[in-house]
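Fold the following for me, if possible:
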Amino acid sequence: MKFNVSSKILCNFAASVAKVINDKNALTILNNFYMELNGDILTLRGSNTENSLTAHIPVNEAQGDGAVCVDASSLVSMLKQIPDQGITVDVANSLNTTIEYSSGRFEFVALDGAGYPRIDRTQKRQRQKAYNFCVLVTNYAKAWTIPCSRQVAMTIVSK
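Got it, this is the predicted structure:
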């Protein structure tokens, strides 16, 4: 699985989705983002036992589909260090993951995405908003606006 995306867009979405992840989870896998590449859409999901927040981010030059779990706090920290530029994310079959940008790279090991809990949409209500130029996510009277160049959808699922 390999794709290119703007570091700022991925960082903003990752920081927003990370807000739903608790510091201590009953399931340690919930300390991670679930990242799935399907075609040219990257799905980034964060969850705790009560809520789930999913972002669907358009990417460029996507190669191969797949799903992995990446430590949420580590990914957000790495992305905050990268200047606003295009990055290449490459996940090898061994789950060795590389984020490359013009002046450096980060390397880490991801987890298999099959271990991440699935959302049962029949028992939960779902609210979805799609905007052409921005996504607004509101949580406890705080709002985050995430600019983007193509249509992006974020889904908030709660009990």
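
contacting residues for the most centrally placed residue in the chain?
In the chain, the C-alpha nearest the mean C-alpha coordinate belongs to residue 44, at 2.7 Å (C-alpha atoms, centre = their mean). By C-beta atoms under 8 Å, 6 or more residues apart in numbering, the residues touching residue 44 are 10, 13, 14, 17, 33, 34, 35, 54, 55, 56, 57. The way it works is simple: take the backbone N, C-alpha and C, and place the C-beta from them, glycine included.

Apply 7 Å and report the result again.
By C-beta atoms under 7 Å, 6 or more residues apart in numbering, the residues touching residue 44 are 13, 14, 17, 33, 35, 55, 57.

of those, closest to residue 65?
Residue 65 has its nearest neighbour among the contacts of residue 44 in residue 35, at 11.5 Å by C-beta to C-beta.

hmm, back to that, does the closest residue to the residue nearest to the centre of the chain other than its chain neighbours belong to a helix or a strand, and which?
Excluding the flanking residues, the one nearest residue 44 by C-beta to C-beta, 6 or more residues apart in numbering is residue 55, at 4.6 Å. Taking DSSP states H and E as the criterion, the element that holds residue 55 is strand 51-58.

need the next SSE after that strand, C-terminal direction.
Following strand 51-58 toward the C-terminus (DSSP H and E): strand 60-63.
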